[in-house]
Each structure stands twice: as structure tokens, then as C-alpha cells.
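Enquirer: build me a model:
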Amino acid sequence: MKKIYIFFIIGGEGIASWEPLGGRLCLQVVWVAATPPRHRHRPAGGAGPWTGRSGARHGSVRLGSGRFGSARHGAGSSGMFSWLGKQGGGRERGGGGGDVVQTVTGGLRDLYLRKLLPLEEHYRFHDFHSPALEEADFENKPMVLLVGQYSTGKTTFIRYLLEQDFPGMRIGPEPTTDSFIAVMYGESEGSVPGNALVVDPKKPFRKLSRFGNAFLNRFLCSQLPNQVLKSISIIDSPGILSGEKQRISRGYDFCQVLQWFAERVDRIILLFDAHKLDISDEFSEAIKSFRGQDDKIRVVLNKADQVDTQQLMRVYGALMWSLGKVINTPEVLRVYIGSFWSHPLRNTENRRLFEAEAQDLFQDIQSLPQKAAVRKLNDLIKRARLAKVHAYIISYLKKEMPSVFGKENKKKELISRLPEIYGQLQREYHISAGDFPEVKKMQEQLETCDFTKFHSLKPKLIEAVDNMLANKIASLMSLISQEESNMPTELVHGGAFDGTMAGPFGQGYGEGAKEGADEEEWVVAKDKPAYDEIFYTLSPINGKISGINAKKEMVTSKLPNSVLGKIWKLADCDGDGMLDDEEFALAKHLIKIKLDGYELPGTLPSHLVPPSHRKPLQTAE
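Expert: Residues are numbered from 1 along each chain as shown. Just a heads-up that it's a prediction; the model follows:
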């Protein structure tokens, strides 16, 4: 006898059909839209039975898509409908009973919503430090932020990477870019103004609305179908001006906006002009706003072809000296030197240096998609550590406040004693000094707060974050290694990136051990007469010299024995422990390659094999 299952959906409507399932006739519910009662409030942070994590909003329910995301009764949903989610090939996310995740991004999002967000909301973390993260913050592509003074080549740099113009682009010697422009991928070319952009849930810019119309009127998204933008997004910033009047007249806090972007981008590129190395007060404040994001910062010394080698050395030294006064880190920042535009070089003395530096910069940008998951994980850990410290600070201030009289005087006393409080909390909870927020900024923010509305310490919230950092995050590390191994090493294609990968204009093509790869004649033959003169002075026997005699000549290069040993192994093609005239010439050629600054190949390339040894090698294969 066949059983019939009938489901009654109250307060919703949908499409249903009878389908055979495992010998039974079952009612398959394709879509159900249920509206939650008005008297039920959505919990803070988006968690709870009425959150539409399954793809629907405000209590919408999708059955058969892998998960029963929302239900009026959580227990009933997990029991009655669990079989239907499994039949759809789905999985349970961390938002339910299990913590099984299939992607790093999904795992980070669930951990943030369940573990970290309650702590942030309870202690008003978003009012002091950074707005709450949203879905788009976890799903967005890697972003690159360009910052620099006016006319340093920021917009030209973007055009150089894309190899095409983009909407809103203006280039000139005067301050041209007066807006923040998010250059992103789109099927059709166009631009979206800031006020419309911050209400788009698919874009990670919704929290920028707190900076007001003065900023939103100077913010837009430029979309175009470019291959490069399929992998990364680029943020162009206004040229930083000199002088207090220009800084105030912006109408919004420029440094706060930069700090917001810095927390969410994968790479921050500071551009400097080789002719204008002065760091204005506003630029200095902008760089200081990147505090805590030092691992994301890269420096580009642009327009370096306009000076000769001696001047370039002086400019580079002046740049490092200027940066040392602004960036308070003992580590030296990576500086890329070059001319990043498509025009001919004005000074070709350092062409090889510029090409090598450009290749290194391209490789750094190309690695961003592969390292995006690690960056998001790292940022979440930094955010969690700061949220914990913030909770300790707020709860301590709450504990020290009197219940009735003298509240205002006590508030002023606590604010003035904030450095001492930092030290006390550091010793009590064994917290590193680098995890605490800046004292001066924290004191300014506390001036406008009502300490009586702060909350006392809740150990359960702290324990949840500690458990996340100690156990949950560790389980995601294995997923990161799996995702990285399955991704290609170079994900960014198109534009200027395609011109650096292959062909005769690729880096290192026809140089070092690759020299002569396209030639029919053995590349060593042109220098062999000079090598033969040395060979016959080493007392060859039966046309070969011993290893002892070869060593006497090879050590004159002053290369270390480890390098000479590798050269000997590559040159001794037949492995008899002796060198004939062609093998000796090959050894001298490899020594020359190493002395010229190139790396030795791991195995001998086919075009370097001596002619008399090629036939036996082919026979052996």
C-alpha cells in the first residue's frame, strides 16, 4: 500500500506537485512564500527563524533547493523537512544545527553572524570602529585601492591595466579626479551614482551611506565589460591636495572614507611621482588612516623614466626617508619603480629594471584572487580581536560608573585615565598592546557617549568568540589550502596582464638560460673558439679533461661550490665524470649565465645540449 504525505502550509501560498519518491507518492513543494506575523521582531544581526538566508527575504521559504531556510517552528523544520533538503543535494550551514561548510566564504559569513556579530552589537562596536559586515563583504571580488596626490598617475595607471577608457575617467596635469570611482565589471558600459549604489545589496558599499550626501555626490561606480575586472575591482580616489582649505572644503571626512575602504580592500597602492615627493599634511593623515593594514600597502614610484639613473637613486632615497616619518613600522615597504602608461620611455637607461618591477607588480596583483579567502580570514580575525578588546574596555567603564551621583565627573576621570585602563586590561586579560585601539581617537569618541547605557561583561559572548578563534577558524584553514590548490596561480587576465605572460616580450624571454631557444645553431658555438683555447691548456687526455683540471678553471669564477657543483652536473651530459670540449664550453656558458645575474635551470634545456650529445639523449628517451 502506497503512503501519501500531505503538507499544510499556513499563511503562505505556493506551487506543489505529486512526484514519486522511493516507491512513495509524495507532495513536492516547489515554492512557499510565508509572511511572518507583525508582532514578531527580527533578531539583531539578521539571525533567527525569519532571516532569508536560503535566498528568499522576510521569511520566504524555498523547499527542495537544499535547505529549509525559514520556518515558524525551528524544531519542526529540522525534523519534518530535513529529508527534502537532502534529496535536493543540499547541505546544512552553520546557521542551523551543524557547522559543516563547503566554502571558506560561507564559513566566514556564518561564523561572523553567529559568533562575532552578537558581541559587536552588544558593546556598540559599530559606533566606535567599523560598520557591520554584510553578505556582499564576503562575496565581493578582490579590490585594489589607489591613493596618491594629484597628478601622480592614478587614473592613468588604471587605464594602463585595463587598456581602455572607463566611464567617468578624466586625465590631466591638474587635479582631475574629484570623486571616488569604483571600477567594476558590468555586461554593459555605464556608471551608477553614489546614492543609487549604496542601496544595491549586491555591492559592498551600503555602509558608505553614513558619510552623507556630500560624499555620495562624489562617489560613483564605473562598469564596463573588461576581462581584468572579471577577477578584480579597482577603486580610484581623488587626488590628495595640499593645504587646509582644500581639505576642509571636501565636505566629508576624507580619511574616514579611506579607512573604510582600507578595511575591505585586498591591496592598497600608494602612488608617488618621481618629480613630486612632498607628502602633504592631508596625504600624511591619509597614510596614517591605514594603521593596522600595513600588510596590504604597496608603494609605486611612477614616472621614473623621466629621470636618469643617478637622479633615480636620489629620488628613491628621498622617498624612503619621507615614508619613514609617516609609516611607523620597522619593516621596509615594497616599492615598485617604473613608468606605468603605454607611452614610450623617455629615458631607456633603466628599461630592464622597469620591466622587472612591472612584472613583480603584476604578479602581486594576479595573486589577489587566489589569496582572497586568506585575506578575508585574516581581516575577520583582526576584527574579532579588536571586538574583544572593545568589549573589555566598555564593560570596565560600565563597572566603574557610579549608580546615582557624580556620573559626569567620573566619566571625565575615566576618559583621562584611559591609557592606565589599557595597561590594566592588558595585564588582566593577557592582551597584546597592538590589539588596543588608538587612545586619542577612543577618548574623543567616548566624550559623546552615555556611559550608563554601556553593558557589563558577558562571559558567554567572549567565550563564543574565543571558541571561534581557537577551533572554528582552524577548521577553515584546511578548506583554504584545498581552494588554493584548485585555483590557477594567475587568475587575472586581459589588459596589460596578457602582454606580460608569453611571447618574445614576456619577462626573461631569450635571456639567461633561455637565450638561443629559437635558434637552430647551438647558442654556445659563437663563444666556443675562446673556450677551446682554455680547454687545450688543461691537458686533455683522449679529448677530455678530468674533474680536477676542470675545477681549477671553474673556481676562477669565484662562484660558491654549491653553484659550481650544479653547473658540473648540468654540463656533464654523459655522466662519465669528465668533460669534452663541448661539455667544457657548456660549463663556461652556464658560468657566464650565473655571473650575469640569471638563475640556472633545474634541468638542462634541449637547446643547450651539445650537438654531439643530442642523439644519445634522444635514443635514451
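Enquirer: wait, residue 593 sits on residue 514?
Expert: No: Residue 593 is beyond contact range of residue 514, at 9.7 Å (criterion: Cβ atoms under 8 Å). Where C-beta positions appear, they are placed from N, C-alpha and C, glycine not excepted.
Enquirer: tell me what the lengthiest helix in the chain is packed against?
Expert: Counting residues, the longest helix found in the chain (DSSP state H) is helix 368-400. Packing contacts for helix 368-400, counted by 3 or more Cβ pairs under 8 Å, 6 or more residues apart in numbering; DSSP states H and E, involve helix 104-111, helix 117-122, helix 125-128, helix 407-416, helix 418-429, helix 459-467, helix 473-486.
Enquirer: distance from it to the middle of the chain?
Expert: The chain centroid and the centroid of helix 368-400 are separated by 18 Å under Cα atoms, centre = their mean, to the nearest Å.
Enquirer: that one vs helix 407-416, what angle?
Expert: Counting by axes from the mean of the first three to the mean of the last three Cα atoms, to 10 degrees, helix 368-400 points 140 degrees away from the direction of helix 407-416.
Enquirer: what about stretch 185-196, how long is it end to end?
Expert: Distance across stretch 185-196, first residue to last, is 17 Å (Cα to Cα, to the nearest Å).
Enquirer: that should have said stretch 192-206, apologies.
Expert: Using Cα to Cα, the end-to-end distance of stretch 192-206 comes to 13 Å.
Enquirer: how about it: buried residues?
Expert: Of all the residues in stretch 192-206, those buried under the rule 16 or more other Cβ atoms under 10 Å are 192, 194, 197-198, 203-206.
Enquirer: check stretch 521-534 too.
Expert: Of all the residues in stretch 521-534, those buried under the rule 16+ other Cβ under 10 Å are 522-524, 528, 531.
Enquirer: that older thread, so for the longest helix of the chain, mean pLDDT?
Expert: Across helix 368-400, pLDDT averages out at 93.
Enquirer: if we can go back for a sec, most packed of the helices and strands packed on helix 368-400?
Expert: helix 104-111 (a mean of 22; mean count of other Cβ atoms under 10 Å).
Enquirer: distance check, the residue nearest in space to the middle of the chain against residue 510.
Expert: The chain has residue 266 as the residue nearest its centroid, 3.0 Å off, counting by Cα atoms, centre = their mean. Using Cβ to Cβ, to the nearest Å, residue 266 is found at 34 Å from residue 510.
Enquirer: and for residue 363?
Expert: According to Cβ to Cβ, residue 363 stands 20 Å off from residue 510.
Enquirer: check residue 543 too.
Expert: The spacing between residue 543 and residue 510, counted by Cβ to Cβ, is 32 Å.
Enquirer: out of those two, which sits in the busier spot?
Expert: residue 510 (13 against 10; other Cβ atoms under 10 Å).
Enquirer: surely that one is within a strand?
Expert: No: assigned with DSSP: H, G, I helix; E, B strand; the rest coil, residue 510 falls outside any strand and is coil.
Enquirer: now do the phi/psi pair for it.
Expert: For residue 510, the backbone dihedrals are phi 70, psi 20 (criterion: degrees, to the nearest 10).
Enquirer: so it is in contact with residue 518, correct?
Expert: Yes: using Cβ under 8 Å, residue 510 is in contact with residue 518, at 7.3 Å.
Enquirer: contact partners for residue 432?
Expert: Contact partners of residue 432, counting by Cβ atoms under 8 Å, 6 or more residues apart in numbering, are residue 426.
Enquirer: and for residue 519?
Expert: Residue 519 sits next to residue 607 when contact means Cβ under 8 Å, 6+ apart.
Enquirer: for the remainder of this discussion, apply numbering that starts at 648.
Expert: Sure thing, new numbering starts at 648, so read that last one as residue 1166.
Enquirer: rewinding a little: now the helices and strands packed on helix 1015-1047 as CSV including distance to residue 1186 and mean pLDDT?
Expert: Formatted as CSV, those follow (distance: least, Cβ to Cβ, whole Å; pLDDT from 0 to 100):
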stretch, distance to residue 1186, mean pLDDT
helix 751-758, 65, 90
helix 764-769, 80, 96
helix 772-775, 80, 95
helix 1054-1063, 87, 93
helix 1065-1076, 74, 95
helix 1106-1114, 74, 95
helix 1120-1133, 54, 79
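Enquirer: so which of those helices comes closest to residue 1039?
Expert: Ranking the helices and strands packed on helix 1015-1047 by proximity to residue 1039 (Cβ to Cβ) places helix 1065-1076 first, at 5.1 Å.
Enquirer: packing partners for that closest one?
Expert: Here helix 1065-1076 touches helix 1015-1047, helix 1086-1093, going by 3+ Cβ pairs under 8 Å, 6+ apart.
Enquirer: out of those, deepest packed?
Expert: helix 1015-1047 (a mean of 19).
Enquirer: the strands in the stretch 1148-1268 of the chain, which residues?
Expert: Under the criterion DSSP state E, counting those that start in this stretch, the stretch 1148-1268 of the chain carries strands at the ranges 1191-1193, 1225-1227.
Enquirer: now do the stretch 798-947 of the chain
Expert: Applying DSSP E, counting those that start in this stretch to the stretch 798-947 of the chain gives strands spanning 827-832, 837-840, 866-871, 880-883, 914-920, 944-949.
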